[in-house]
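Q: Coordinates for the following, if possible.
(chains A and B)
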Amino acid sequence: NAGVMQNPRHLVRRRGQEARLRCSPMKGHSHVYWYRQLPEEGLKFMVYLQKENIIDESGMPKERFSAEFPKEGPSILRIQQVVRGDSAAYFCASSPPNDNEQYFGPGTRLTVT
Amino acid sequence: DQQVKQNSPSLSVQEGRISILNCDYTNSMFDYFLWYKKYPAEGPTFLISISSIKDKNEDGRFTVFLNKSAKHLSLHIVPSQPGDSAVYFCAAKGDGSGNTGKLIFGQGTTLQVKP
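A: Okay, here's the model as predicted:
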């Protein structure tokens, strides 16, 4: 059973460009979570999604950030018009329904130049 | 507002001895607690968890203790091994509704186990 997959592992964008981060949950997991880790900090919750539904987006910045988890395909975290402050490691986690444990992917390290 | 705190940024122990990592929280609505281990450039790996209705959970070398009255939990690793050297994160979830999936993480504690 493959773990949570994230791609790309590393992404470099110039200021003003768009960044798209992808996450494929573990087989059988229908819940996806996105977290961000800034340098020297812990992980901060961004958004919780189920198939075709955003359940909790209380951690998402109000502008430029969006997330989706379509019926088919991976979950996507999209950052428009990136700024240097968006440079961070972005982690995706997944869980089965009614399960408290979340399993994390390897992360995407976004660098904005 | 840091709801989950790991006040020790680092800990160093000798191989074979016990490692004790501590975590404090402020939100009494939390009903589930988890510990994750993280190596550089990798994602967090789930280690062990505990429900708020319990005070202890054990899995091999790892034991988590929960003291609800003190809003404190700890992770014990015994015996410690050099491969345990990593950053350990404490996380909590729950808002009383039973519907939230959001994990609140502490800042992490870097454990170094010396051979």
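
Q: tell me, how many neighbours does whatever residue of chain B ends up closest to chain A end up with?
A: Of all residues in chain B, B:Gly43 sits closest to chain A, at 3.7 Å by Cβ to the nearest Cβ. In short, each C-beta sits where N, CA and C put it, glycine included. Residues near B:Gly43, counting by other Cβ atoms under 10 Å in any protein chain shown, number 22.

Q: Up against chain A, what does chain B have?
A: Within chain B, the positions lying close to chain A (Cβ under 8 Å from any Cβ of the partner chain) are B:32, B:34, B:36, B:41-46, B:49, B:51, B:89, B:91, B:93, B:99-108.

Q: Can you flag the buried ones in the residues you listed?
A: If you count burial by 16 or more other Cβ atoms under 10 Å in any protein chain shown, the buried members of the residues of chain B next to chain A come out as B:32, B:34, B:36, B:43-44, B:49, B:89, B:91, B:93, B:100-108.

Q: Show me the shaky parts of the chain.
A: In the absence of a named chain, chain A is used. Applying pLDDT under 70 to chain A flags the ranges A:1.

Q: wait, I meant chain B there
A: B:1, B:96-99.

Q: All the strands of it, in order from the start?
A: Counting by DSSP state E, one finds strands in chain B at the ranges B:4-5, B:10-14, B:19-25, B:32-38, B:45-51, B:56-59, B:62-67, B:72-77, B:86-93, B:104-105, B:109-114.

Q: Okay, angle between the fourth one and strand B:19-25 too, please.
A: Computed with axes from the mean of the first three to the mean of the last three Cα atoms, to 10 degrees, the direction of strand B:32-38 lies at 130 degrees from that of strand B:19-25.

Q: Please apply the same query to the second one.
A: With the same axes, to 10 degrees as the basis, strand B:10-14 and strand B:19-25 are set at 160 degrees to each other.

Q: strand partners of strand B:10-14, parallel vs antiparallel please.
A: Looking at strand B:10-14 with DSSP bridges, its partner strands are strand B:109-114 (parallel).

Q: Restrict the strand it pairs with to CA atoms and write it as PDB.
A: This file holds the C-alpha atoms of strand B:109-114, laid out as PDB (Å, rounded to 0.1, in the frame of the first residue of the first chain):
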ATOM      1  CA  THR B 109      11.700  19.000  20.200                       C
ATOM      2  CA  THR B 110      15.000  17.900  18.600                       C
ATOM      3  CA  LEU B 111      16.100  14.700  20.200                       C
ATOM      4  CA  GLN B 112      19.700  13.600  19.900                       C
ATOM      5  CA  VAL B 113      20.600  10.100  21.100                       C
ATOM      6  CA  LYS B 114      24.400   9.700  21.500                       C
END
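
Q: Thank you kindly, that will do.
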